[in-house]
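*Asks:* can't give you the sequence, but here's the structure:
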């Protein structure tokens with residue numbers, strides 16, 4: 001006989017939460033901030049009421065998907081510091097570009113919807129900038145980047161490429177590689 005106590009309720013709640021996030025990630029990548037909450041619930045195999053118990057608003061769902069993406073980027077930045085400085089920076093810029101392409105509209109939506117509290121988009125910018133500065137400093141010291149190139153130059157480049165290639169990570173990667181050829185000494 002299965003237990004229906006608090007432990008099984010928490011496990012069931014966690015399972016549903018993970019299913020909702022797993023369903024939301026590709027839908028957000030495809031549809032951006034306008035993702036259909038009903039479709040997320042359908043893809044997760046739960047009802048709309050369950051979705052709303054976990055995420056009382058679209059903002060709450062998008063915020064958690066965004067936080068996961070930012071945490072992944074933070075970990076990748078930390079991992080890339082230990083390798084070849086030039087390759088690490090290029091890998092970082094490619095992964096950052098693809099992440100931006102796959103979360104199109106999400107940053108702007110979260111910034112526009114901020115209610116005076118800390119913005120997930122602002123947190124993301126801080127994480128991304130810190131990792132870019134660190135990787136860029138290493139690449140400059142190793143002579144892998146043209147002197148005078150700044151982290152803000154590279155972030156502007158990533159932003160422009162990702163906006164111009166929404167929904168097309170392969171094209172974004174190709175354009176980034178072309179642009180990075182001009183950044184190398």
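*Replies:* Perfect, thanks for sending it. Just so it is clear, the model here is predicted, and its values are computed rather than measured.
*Asks:* only C-alpha atoms for contact and neighbour calcs from this point on.
*Replies:* Noted.
*Asks:* so what's the closest residue to residue 80 other than its chain neighbours up against?
*Replies:* Taking CA to CA, 6 or more residues apart in numbering, and ignoring the residues beside it in sequence, residue 80 has residue 88 as its nearest neighbour in space, at 5.1 Å. Listed by CA atoms under 8 Å, 6 or more residues apart in numbering, the contact set of residue 88 reads 80, 81, 135.
*Asks:* now residue 16
*Replies:* Taking CA under 8 Å, 6+ apart as the definition, contacts of residue 16 comprise 44, 46.
*Asks:* need the pLDDT of it.
*Replies:* Model confidence at residue 16, given as pLDDT, is 95.
*Asks:* can you give me the distance of the residue nearest the centre of the chain to residue 142?
*Replies:* Nearest to the geometric centre of the chain sits residue 69, at 3.3 Å (CA atoms, centre = their mean). In this view, residue 69 and residue 142 are 29 Å apart by CA to CA, to the nearest Å.
*Asks:* point out where this structure drops to low pLDDT.
*Replies:* Low-confidence regions of the chain, defined here as pLDDT under 70, cover residues 1-9, 104-122.
*Asks:* show me the longest helix that occurs in it.
*Replies:* With residue count as the measure and DSSP state H as the assignment, the chain has helix 6-31 as its longest helix.
*Asks:* can you report how many residues neighbour the nearest residue to the residue nearest to the centre of the chain once chain neighbours are set aside?
*Replies:* Of all residues beyond its chain neighbours, the one nearest residue 69 is residue 99 (7.5 Å), with distances taken as CA to CA, 6+ apart. The burial count assigned to residue 99 is 18, neighbours taken as other CA atoms under 10 Å.
*Asks:* one more: residue 100?
*Replies:* Burial measure for residue 100: 25 neighbouring residues, criterion other CA under 10 Å.
*Asks:* off-centre distance for stretch 131-143?
*Replies:* On the basis of CA atoms, centre = their mean, to the nearest Å, the separation between the geometric centre of stretch 131-143 and that of its chain is 21 Å.
*Asks:* domain ranges for this structure, per the record?
*Replies:* 1-56, 65-185 (automatic domain parsing).
*Asks:* what's the end-to-end length of the longest one?
*Replies:* With CA to CA as the measure, domain 65-185 spans 38 Å from end to end.
*Asks:* can you tell me which helices and strands the helix or strand following the longest helix of the chain packs against?
*Replies:* Once the chain leaves helix 6-31, the next helix or strand it forms, by DSSP states H and E, is helix 37-44. Under the contact criterion of 3 or more CA pairs under 8 Å, 6 or more residues apart in numbering; DSSP states H and E, helix 37-44 touches helix 6-31, helix 48-54.
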